[in-house]
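Visitor: Test case, fold it:
(chains A, B and C)
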Amino acid sequence: MDIFTQQLVNGLVLGSIYALVALGYTMVYGILELINFAHGEVTMIGAMVALTAIGMLVGVAPDLPGVLVVLGGILVAIPICMLLAFGIEKIAYRPLRKAPRLAPLITAIGVSIILQNLAMLIWGRQYVSFPEILPTTKYELLGAHISLLQIVIVGLALSIMAGLWLLVERTRLGRAMRATAQSKEVAELMGVNVDRVISATFIIGAAIAAIAGVMVSAYYGLAHYYMGFMLGLKAFSAAVLGGIGNIAGAMLGGLLLGVIEALGAGYIGDITGGFLGSHYQDVFAFFVLIAVLVFRPSGLLGERVANRA
Amino acid sequence: MHSNKFAYKLAISVVFMALLAGVGGCGKKDAANKDVIRIGSVSPLTGPQTHIGKDNENGARLAVEEINAGGLVLGGKKVTLELFGEDDQAEPKTATIVAQKLVDAGVVAVIGHLNSGTTIPASKIYHDAGIPQISPSATAVAYTAQGYQTAYRVMANDAQQGKALGQYAVARMGARKIAIVDDRTAYGQGLADEFEKAAKAAGGEIVAREFTNDRATDFSAILTSIKGKTPELIFFAGMDPQGGPMAKQMKSLGLTAKLLGGDGLQNVNFVKLAGSDAEGVVASSPGLPIDSMPGGPEFRKRFEAKYGVIQVYAPYAYDAVYALVDAMKRADSAQPAKVLAELPKTDLKGVSGPIRFDAKGDTTGGAITLYEVKGGAWQVLETVK
Amino acid sequence: MLERLRQRPRLVFALLAVLLAVLPFMMGFGLGNSWVRVLDFVLLYVLLAIGLNIVVGYAGLLDLGYIAFYALGAYLYAWLASPHFGLHLPFWAVLPIGAMLAGLFGVLLGAPTLRLRGDYLAIVTLGFGEIIRIFMNNLNAPFNLTNGPQGINLIDPVRLAGFSFGKPLHLFGMTFPPTYFYYYLFLGVTLLAIFVALRLQDSRIGRAWAAIREDEIAAAAMGINTRNMKLLAFAMGATFGGLAGGLFAAFQGFISPESFNLWESILVLCMIVLGGMGNIPGVILGAVLLTVIPEALRYLGDLQRATLGHVVVDPADLRMLLFGIALVAMMLFRPAGLLPSRQRKREFAAEDGVAEQEQASLYDARA
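Guide: Numbers count the residues shown, from 1 in each chain, chains lettered A, B, ... in the order given. The predicted model follows:
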């Protein structure tokens, strides 16, 4: 039993990380129907920038509590990621807004290659380790070990999702976003500055990505210029699982994917009598994803669009 | 109409490529300069493994610079070595292109590649061209089992290292119940399989065999599953970027089993990544401790002054160059055929240990040294056969 | 002069044939034998791109797991012609079997995903590609099917009428590596594939695919069996992939799962989008460019040495960076691809509103 609870905790934490990154994918997709492949790389840049800032802070003020140092790192990373995302949208996506749908997908891949290699030039080829400055307080719950950081990650993911939901549903900007998502032309006629709304979407997504990046590197203790690729891929899968374009769906998809992976890795061997092991963890995850999509072609919470006439 | 236009366009692009070829041909330098001897060095310089890839190249480069500074005379003439570094992206396809490129460039030997997956397909090209290849770090048994007399390596292969580690885990660390994790790379799987065989033969019981991949950072699920089987020792066959977080996550999950690793963990990066949780981790490295070898501490000092801390395999790349030049000196020539005739007779004290080759091109030095992290640094435990 | 050439198609064809025939020698003597190998890979990627173009360009089904079929073809070749199972069937027997197996898997992938569109289809195909790769990487136990991450080595080279492609040929005092023979073999297969793809495009099937791509409902209303047509697109595309895979295995002599990762799928997709989706010359150009550019960028070091006297920036540091920049720049300047199809071009020239509506329908995910 305690093993099962522990696996559930493992999955929920991993899933929260996926969800944080998935939010950015889903927001951009909801408005532009664009798979922003570079989003994973923005997360990576967030982690790298924050680590640099944290390194400096530790050097300047060694007595500062670790939590404040990390917070400082996040505060430096957020504006830089925002600026980056603003620039990416303006240079690589905006000129292609009327181009065939796959064209921006290719520039997105191009941007993500550029960011990876820039990061390699700036921060080098090594894995960068995260200084051990955060408290490692541990709790026990039903036989499972939970660290303070894990609780923070899950809490952060949930509250950011809630905040984002409020933003989209309750504010003027949110209404403009929804309008733009439905039809750019009509929104424009209604006096919405579509360009600005799209920029805002990218910027908000990037801010969340920066936070996610710092959380990932703090949790696993490292950052690397290549870390964005796998993370982005998993997060994108999570967004699709939940129904891409839907904020709650990204959260649900993320958590579900995390739990599926954890339980898959933990139990697949026992279920199949040792024939398949934890090396089929991703197979298991993709299989569930495919099964869900076959029965619900728009994801779990995706809007059901009848065949368009 | 349609196909005419098509042919027309195709013709233009082919002409364009042909022109490109012509231009390239004119610009090509004559590599026939006899006083410069080109040695190839191949490793991934882009992609996720670049930190180790660059490390290999730096190791080889340092050796080349030292040898040049000392002056190399072959056939009564002073010659200069030139290291021709290339990027294979850790990709088998690119590896073969690069291998051919090096052969074209007239290299007399190749130090590389880094991974077994690139070393094996490239070895055929070097074999066809008849030039010696010494890999500093490819450990798959298959590499030297192809029957190519051009394929050498200076590091113990998976079978040698896995066997030593499996015996050590049971006999010296006293582990009865053992869990194995590998990263599903050619290196990890090969090492883990050999470890399993040896540990079983020595009387150990494998209670869990779990798997991850070389991009993973989250191991909580497999570690939790392992925890349920209460092993005394976890053997991880993989590299430091996974091993570091794994050590951390073991602690945070309350796992008390000891972590044992191969040469992929025995480096400074692992200690940095695992932080305080690195304490007590044991890992092996083929050969003898660098600092106990003649010239070892000096090598470390020179390398670190120039390129920063040693990642993993730089000493082996360094030794590979020296083994090669040693054979050149004995042959008194850089001609590949003559060098190949001398390579089997190599008997050298390298910074990573004694270098001798068996008939297949594997090292027979065979010694494997075990290290433990104590006080935030790797300390020598002991050297086993 | 170019205008006059345009009016003499036979001359152009003849010129083209001669050029293609001597190209490896020009490359080999001009740039070195490694470029003949690059040329071989160019042809393999052209073959792959033409196959993927059937799925994505013709039928409008976004496929991110295409490389799985390449892997299947390659592994089948390795199983039937290597010491792994001790089988050594001739390549002309193995290649079609591999292509058929891949085609079968194409149908297997297509069947459950018929209802999915656009990006949902993309993620499912991506998952399929990863699933195949993971199985290849792990099926060394409980029975050793793929030899796992160690890969399968010593795969038989192509043998034609007693002549082995595996060994270099010494002729007139010169040595020709096997890459030369493979060039002609690949060229033949690729030309055949181009021919098939061109014929398909203008056939009844090709028009049905185009109809599905533009509007599936309308296509169904016109009496097109959309299910069968989509499955056929998957099967055809996969067959080309399997064929390329078999050739790859014979050419390399060694295969391991590393060669079939997601990045390869993305790369082939980039080729067809960049070149001009749906348009065969465009697709070929895309494949040529994206294979040649990264290799050409290796000369950055030489270039720096020639212009600045020494290497300022490590070429390896810049190579992929410039590749990314090239990808973005090419797309920004030619959003419909470098050589868009006639239809695409018309859409771009059309009135703004019309164009937008048509673009929205093309590869639409929201449906």
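Visitor: ok, which stretches of chain A are helices?
Guide: All helices of chain A, identified by DSSP state H, fall at A:2-32, A:39-60, A:66-88, A:102-123, A:148-170, A:172-182, A:184-189, A:194-220, A:227-242, A:247-271, A:281-295.
Visitor: Helices along the stretch 151-300 of chain C, start to end?
Guide: C:179-201, C:204-214, C:216-221, C:226-252, C:262-275, C:280-296, C:300-308 (DSSP state H, counting those that start in this stretch).
Visitor: quick one: B:Thr383 is in a helix?
Guide: No - counting by DSSP: H, G, I helix; E, B strand; the rest coil, B:Thr383 is not part of a helix but strand.
Visitor: Can you verify my assumption that it contacts B:Pro289?
Guide: Yes - the criterion here is C-beta atoms under 8 Å, and B:Thr383 meets it with B:Pro289 at 7.5 Å. From N, CA and C alone the C-beta is placed, and that goes for glycine too.
Visitor: Now the common contact residues for these two.
Guide: Applying C-beta atoms under 8 Å, 6 or more residues apart in numbering or on different chains, one finds that B:Thr383 and B:Pro289 are jointly contacted by B:Thr369.
Visitor: Which of these two has more residues huddled nearby?
Guide: B:Pro289 (19 against 16; other C-beta atoms under 10 Å in any protein chain shown).
Visitor: could you check the distance from that one over to B:Gly353?
Guide: Per C-beta to C-beta, to the nearest Å, B:Pro289 is found 9 Å from B:Gly353.
Visitor: Now do the strands in the stretch 101-250 of chain B.
Guide: B:109-111, B:133-135, B:151-153, B:177-182, B:205-211, B:233-237 (DSSP state E, counting those that start in this stretch).
Visitor: Give me the neighbour count for the residue of the stretch 251-385 of chain B found nearest chain C.
Guide: For the stretch 251-385 of chain B and chain C, the shortest gap (C-beta to the nearest C-beta) falls at B:Tyr307, measuring 12.4 Å. Counted with other C-beta under 10 Å, the neighbours of B:Tyr307 add up to 17.
Visitor: and if you look at B:Asp291?
Guide: 11.
Visitor: same check, this time on B:Gln311
Guide: B:Gln311, neighbours per other C-beta under 10 Å, totals 22.
Visitor: Repeat that for A:Gly245.
Guide: Per other C-beta under 10 Å, the neighbour tally for A:Gly245 reads 26.
Visitor: Please give the element, helix or strand, for C:Ile50.
Guide: Taking DSSP states H and E as the criterion, C:Ile50 maps to helix C:34-53.
Visitor: about what we covered before: output the helices of chain A in TSV; the columns should cover distance to C:Gly242, mean pLDDT and mean neighbour count.
Guide: Below are the helices of chain A laid out as TSV (distance: least, C-beta to C-beta, whole Å; pLDDT from 0 to 100; neighbours: other C-beta atoms under 10 Å in any protein chain shown):
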stretch	distance to C:Gly242	mean pLDDT	mean neighbour count
helix A:2-32	32	92	25
helix A:39-60	31	94	24
helix A:66-88	37	95	19
helix A:102-123	24	91	23
helix A:148-170	43	94	17
helix A:172-182	40	92	17
helix A:184-189	42	91	14
helix A:194-220	38	95	24
helix A:227-242	25	90	27
helix A:247-271	29	90	24
helix A:281-295	21	86	20
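Visitor: Provide a list of residues in contact with C:Gly278.
Guide: So C:Gly278 contacts C:Asn53, C:Gly57, C:Tyr58, C:Ser341, C:Gln343, C:Arg344 (C-beta under 8 Å, 6+ apart).
Visitor: which one of the residues you listed is nearest C:Phe181?
Guide: C:Asn53 (27.1 Å; C-beta to C-beta).
Visitor: is chain C contacted by stretch B:263-280?
Guide: No - applying C-beta under 8 Å from any C-beta of the partner chain, one finds stretch B:263-280 separated from chain C by no less than 14.1 Å.
Visitor: and that stretch, how far apart are its ends?
Guide: In stretch B:263-280, first residue to last residue: 16 Å (C-alpha to C-alpha, to the nearest Å).
Visitor: mind listing what's buried in that stretch?
Guide: Within stretch B:263-280, the residues that count as buried by 16 or more other C-beta atoms under 10 Å in any protein chain shown are B:263-275, B:277-278.
Visitor: State the pair within the residues you listed that is farthest apart.
Guide: Taking C-beta to C-beta as the measure, the buried residues of stretch B:263-280 span a maximum distance of 20.9 Å, between B:Asp263 and B:Gly275.
Visitor: Output the helix holding C:Ile50 as PDB, restricted to C-alpha atoms.
Guide: Extracted C-alpha coordinates of helix C:34-53, given in PDB (Å, rounded to 0.1, in the frame of the first residue of the first chain):
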ATOM      1  CA  SER C  34      32.600  11.600 -48.100                       C
ATOM      2  CA  TRP C  35      30.400  13.700 -50.400                       C
ATOM      3  CA  VAL C  36      29.500  10.600 -52.400                       C
ATOM      4  CA  ARG C  37      28.300   9.200 -49.100                       C
ATOM      5  CA  VAL C  38      26.400  12.400 -48.500                       C
ATOM      6  CA  LEU C  39      24.900  12.000 -52.000                       C
ATOM      7  CA  ASP C  40      23.700   8.500 -51.000                       C
ATOM      8  CA  PHE C  41      22.100   9.900 -48.000                       C
ATOM      9  CA  VAL C  42      20.500  12.600 -50.000                       C
ATOM     10  CA  LEU C  43      18.900  10.000 -52.200                       C
ATOM     11  CA  LEU C  44      17.700   8.000 -49.200                       C
ATOM     12  CA  TYR C  45      16.100  11.100 -47.800                       C
ATOM     13  CA  VAL C  46      14.600  12.000 -51.100                       C
ATOM     14  CA  LEU C  47      13.000   8.600 -51.000                       C
ATOM     15  CA  LEU C  48      11.800   9.100 -47.500                       C
ATOM     16  CA  ALA C  49      10.500  12.600 -48.300                       C
ATOM     17  CA  ILE C  50       8.600  11.400 -51.300                       C
ATOM     18  CA  GLY C  51       7.000   8.700 -49.200                       C
ATOM     19  CA  LEU C  52       6.000  11.100 -46.400                       C
ATOM     20  CA  ASN C  53       4.800  13.600 -49.000                       C
END
